[in-house]
Structures are given as structure tokens and as C-alpha cells.
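In: just the structure for this:
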Amino acid sequence: MALMGSFLVMFLAMITAFITLLTLPIRVIVRAIRGRRAFAQSREKRIVVLGIDGMEPILAEQYMKEGRLPNLSRLAEKGTYSRLQTTMPAMTPVAWPTFMTGCNPGKHNIFDFLNIDRRNYMPTLSSVHIGGATKTIRIGKYIIPVGKPDIRLLRKGKPFWKTLGEHGGFQ
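Out: Have a look, this model is predicted:
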């Protein structure tokens, strides 16, 4: 039975690889056309936001002055360097959604990495719900997912790049 399961996995992997290779030229052409069109229509300068999670700005600025962070110093000189205020509590899962949406934690609804499911007191991710596949095939005692999983974003608020896109920021 284990040999049959291993064979089935290998067989499905080979079919997937074959289909991927067959569709590769089409995907490359589509990406090239989309990439050229988006680049040709862009009127805005490119922006890169470099956020270093957990970095103490006082130490970073001190190390930049001492020459211990030469690449970061160069980026600050050629571009823009500024401190951002953090959230309360000053934690990664709270601060990044606040940066993305411009909303406080009470609006985007993320306060930690995990929430407690009050029905069974089990921990759940606070930012996303990942459920089982919508369609499955049962082969003996094995259940093979065929459909897409149920994935729902739990963060409320709209990230700034969506607002930029709606107002022509990426044309």
C-alpha cells in the first residue's frame, strides 16, 4: 500500500512537471508583454520602502555615523531616511498592518500573532484564516485535495498600494 501511495505521488508530480513545461513558453510571453506594458506606461519614480523589523533606530543611526553600516548610510544619503512611529503594543504583527493600512490596531483588528478561538480555546492566526480544500478525492484512507483551500484575509483596512493603484499610481 505504501508503494502504491509513493507511486501515485510520483506519477502526479511527473504529470504536473510535464504540464508546467508545456505551458512555460506561453507564460514567459505573457509575462514579457505585461512587464513591458507596465514599465512603458509608468510616469512615476520608483519607490522602495526598506523596513527592518525590530531594529533600534538610535543604534542604527549611531552605527551609520561610526561607519559600521556603510550601505545603509549610502541609502540614507541618496534617498530619504526617517523614523516611523510604532504602535502600541510595539510588536511586529501589529506594526506592519498599521504601516500598510494607515489604520490603528482597533481598525485593522490585529493585536498579536495569534487569537483564541472562543469555541474551543485553540489558538488561531490573527491575520488570515486557512481552511481545508473545497474539493477532495478520497482514495482509500487518503484524502487528496483537488480544489483551492479556503483562504481569507482577516486584516481590515485597505493597504496603501491598493489605494495608489485605484488612483493611477501604477500606470
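
In: in this structure, which spans are strands?
Out: Here the chain has its strands, by DSSP state E, at 114-117, 122-125, 128-133, 136-139, 142-145, 149-153.

In: distance to residue 85 and mean pLDDT for those strands - can I get that in a markdown table?
Out: All C-beta spots, glycine's among them, are computed from the backbone N, C-alpha and C. Shown next, in a markdown table, are those (distance: least, CB to CB, whole Å; pLDDT from 0 to 100):
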| stretch | distance to residue 85 | mean pLDDT |
| --- | --- | --- |
| strand 114-117 | 25 | 90 |
| strand 122-125 | 26 | 92 |
| strand 128-133 | 26 | 89 |
| strand 136-139 | 47 | 90 |
| strand 142-145 | 43 | 90 |
| strand 149-153 | 25 | 91 |
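
In: of all those strands, which one comes closest to residue 16?
Out: Nearest to residue 16, of all the strands of the chain, is strand 142-145, at 12.8 Å by CB to CB.

In: tell me which strands that closest one pairs with, and in which orientation.
Out: strand 136-139 (antiparallel) (DSSP bridges).

In: run through who's touching the strand it pairs with.
Out: For strand 136-139, the surrounding residues in contact (CB atoms under 8 Å, 6 or more residues apart in numbering) are 8, 143, 144, 145, 146, 147.

In: quick one: which of those is nearest residue 163?
Out: Distances from those to residue 163 were compared by CB to CB; the smallest belongs to residue 147, at 32.0 Å.

In: which regions of the protein sit below the pLDDT cut-off?
Out: Within the chain, the segments meeting pLDDT under 70 span 1-5, 35-44, 170-171.

In: mind running it again at 80?
Out: Where the chain drops to pLDDT under 80, the residues are 1-7, 9, 31, 34-48, 167-171.

In: for it, just list every one of the helices.
Out: Along the chain, the stretches classed as helices by DSSP state H are 2-41, 57-66, 70-78, 92-101, 105-108, 160-166.

In: how much space separates residue 79 from residue 86?
Out: As judged by CB to CB, to the nearest Å, residue 79 and residue 86 stand 21 Å apart.

In: higher neighbour count, the two?
Out: Applying other CB atoms under 10 Å to residue 79 and residue 86 shows that residue 86 carries more neighbours, namely 13 against 10.

In: pull the number of nearby residues for the residue lying closest to that one once chain neighbours are set aside.
Out: Using CB to CB, 6 or more residues apart in numbering and skipping the chain neighbours, the partner closest in space to residue 86 is residue 95 (5.4 Å). If you count neighbours by other CB under 10 Å, residue 95 ends up with 21.

In: 24 is where my numbering starts, stick with that
Out: Fine by me, first position is 24 from now on; the one you just mentioned is residue 118.
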